[in-house]
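**Q** Build me a model:
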Amino acid sequence: MATRILIKSCKTLLSAGVLLLAGLTGQAFGLTLKEGAPQTYTVERNDTLWDIANLFLDQPWLWPELWQNNTQIINPHLIYPGDVLAIQMIDGEPQLVVQRNKKHITLGPSMRKQNKPAPISMLPWTAIAPYLNQNELIAQEDYEDLPYILGNQSADIRFVTDDIVVSRSYGRSSDQYRILRRQSTIKNLDGEVLGIQVHHVADATMIDDTVPFQWLVKVTKSNFEAQRGDRLYDGEFLGPQDLVLQAATAEQRGHVVGNLHQHQLLGKNDVVIVDLGHDAIEPGTVMGIYEQGPDIIDGDPPQYVGENNALYSVFNDGSTVQQPAIKIGEIVIFKTFDKASYGIITRARELVNTGAIVATP
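**A** Here you go, the predicted model:
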């Protein structure tokens, strides 16, 4: 099913790519084309709507406005490789029109086949699908309550498809489980635990739940070898969902606190973990990524805080200079949990580090 994309009214708090952290004010903006935007563009295989929007707009989340009044593009997500997108000025506003070759139909004795590629997607879901299908963020207390593998009759330390293992039992048994392994403990910058990042190792089927305090389960569909201590989880991992695009507000501000790729430095299409839960943010929220340099002691000579034991002044005399946060990219939040969220980096002109600020784009 094609991804459904809507647009909400939004505000920009960005001036020259700099986020002023003390006191932000909003300012409405109209739709304007990016300087140097092409007049036409031929859609290519593996393009995404976000990539194409970056060609035409500085604020790519506003791309539906390019054709919101355009009757030629009935469904803007049904854009195919080979389509030619052209800019036209209508009533003083830029709009996209699509130029499309006629559909090629092949008729057979018992079938009618349309030779047309699949429409392009909004975000590169295919690039991140393995991480979406195999990772989840679980509340620490919920994770600690999950049953876990103890071992088997052969005293093995690793288990694969068709192995039968003994598990410690907790709660009511289910027929099917996912075997999970703790990947990392996700904390915010203050050290508060936001959740346990887990990886899907294998599936398991219940064999016998009649013995007190233990279960007998069979390992199925191994992605990796299961180990003693791996947890049994009967919940579902949710994949990509329909998104309603909207820019983050001034109040929606957080930090990158982890990622799904176990990388130290991150770039475009990497999935990051943000310390904002579902009460603070919604899937489809577009956020800017900002890096802030260390504070500077205005001395003779000027020094960074921490350099040669340079310390903050105890007086509010202006001798400590806080650097502004400079915008280096953007993310789209696509999945939220209790205390954190997943976001995909859609633009990055520099490598992104853990601790980077996320805020209004």
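**Q** Tell me how this structure divides into domains.
**A** Split into domains by automatic domain parsing, the chain comes to 127-233, 243-359.
**Q** how far does the shortest one stretch from start to finish?
**A** The first and final residues of domain 127-233 sit 25 Å from each other (C-alpha to C-alpha, to the nearest Å).
**Q** quick thing: my sequence starts at 19, can you match it?
**A** New numbering, starting at 19: the last item is domain 145-251.
**Q** can you give me the offset of that domain from its chain's centre?
**A** Averaged C-alpha coordinates place domain 145-251 at 24 Å from its chain's average position (C-alpha atoms, centre = their mean, to the nearest Å).
**Q** Please apply the same query to stretch 51-62.
**A** On C-alpha atoms, centre = their mean, the centre of stretch 51-62 falls 26 Å from the chain's centre.
**Q** Ends of that stretch, what's the gap?
**A** 21 Å.
**Q** For that stretch, which outside residues touch it?
**A** 70, 73-76, 97-105, 112, 138 (C-beta atoms under 8 Å, 6 or more residues apart in numbering). Where C-beta positions appear, they are placed from N, C-alpha and C, glycine not excepted.
**Q** one step back: the domains of the chain into TSV, with extra columns for mean neighbour count?
**A** Shown next, in TSV, are these (neighbours: other C-beta atoms under 10 Å):
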stretch	mean neighbour count
domain 145-251	17
domain 261-377	18
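**Q** Kindly reformat the ones you listed as CSV and extend each row with mean pLDDT and distance to residue 49.
**A** As requested, the domains of the chain are exported to CSV (pLDDT from 0 to 100; distance: least, C-beta to C-beta, whole Å):
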stretch, mean pLDDT, distance to residue 49
domain 145-251, 93, 28
domain 261-377, 87, 13
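**Q** now for these, which one comes closest to residue 117?
**A** domain 261-377 (25.3 Å; C-beta to C-beta).
**Q** Over to the closest one now: how far is its first residue from its last?
**A** One end of domain 261-377 to the other measures 19 Å (C-alpha to C-alpha).
**Q** Surely residue 220 touches residue 236?
**A** No. Residue 220 lies out of contact with residue 236 (C-beta atoms under 8 Å); the separation is 10.3 Å.
**Q** Nearest approach to residue 82 belongs to which of the domains of the chain?
**A** Per C-beta to C-beta, nearest to residue 82 of the domains of the chain: domain 261-377, 7.6 Å.
**Q** Just checking the distance from that closest one to the centre of its chain.
**A** On C-alpha atoms, centre = their mean, the centre of domain 261-377 falls 15 Å from the chain's centre.
**Q** now stretch 57-68
**A** For stretch 57-68, the distance to the chain centre is 22 Å (C-alpha atoms, centre = their mean).
**Q** Kindly report the same for stretch 240-259.
**A** The chain centroid and the centroid of stretch 240-259 are separated by 20 Å, computed with C-alpha atoms, centre = their mean.
**Q** mind listing the strands for the stretch 219-368 of the chain?
**A** Under the criterion DSSP state E, counting those that start in this stretch, the stretch 219-368 of the chain contains strands at 232-238, 244-245, 249-251, 261-265, 272-277, 289-292, 303-310, 314-315, 321-322, 338-339, 343-354, 359-366.
**Q** Check the burial of the nearest residue to residue 83 once chain neighbours are set aside by counting its neighbours.
**A** In this structure, residue 83 finds its nearest non-sequential neighbour in residue 49, 5.0 Å apart by C-beta to C-beta, 6 or more residues apart in numbering. Neighbours of residue 49 under the rule other C-beta atoms under 10 Å: 15.
**Q** from memory residue 49 sits against residue 85, does it?
**A** No. At 11.1 Å, residue 49 does not count as touching residue 85 under the criterion of C-beta under 8 Å.
**Q** ok so, going back, just say helix, strand or coil for the residue nearest to residue 83.
**A** coil (DSSP: H, G, I helix; E, B strand; the rest coil).
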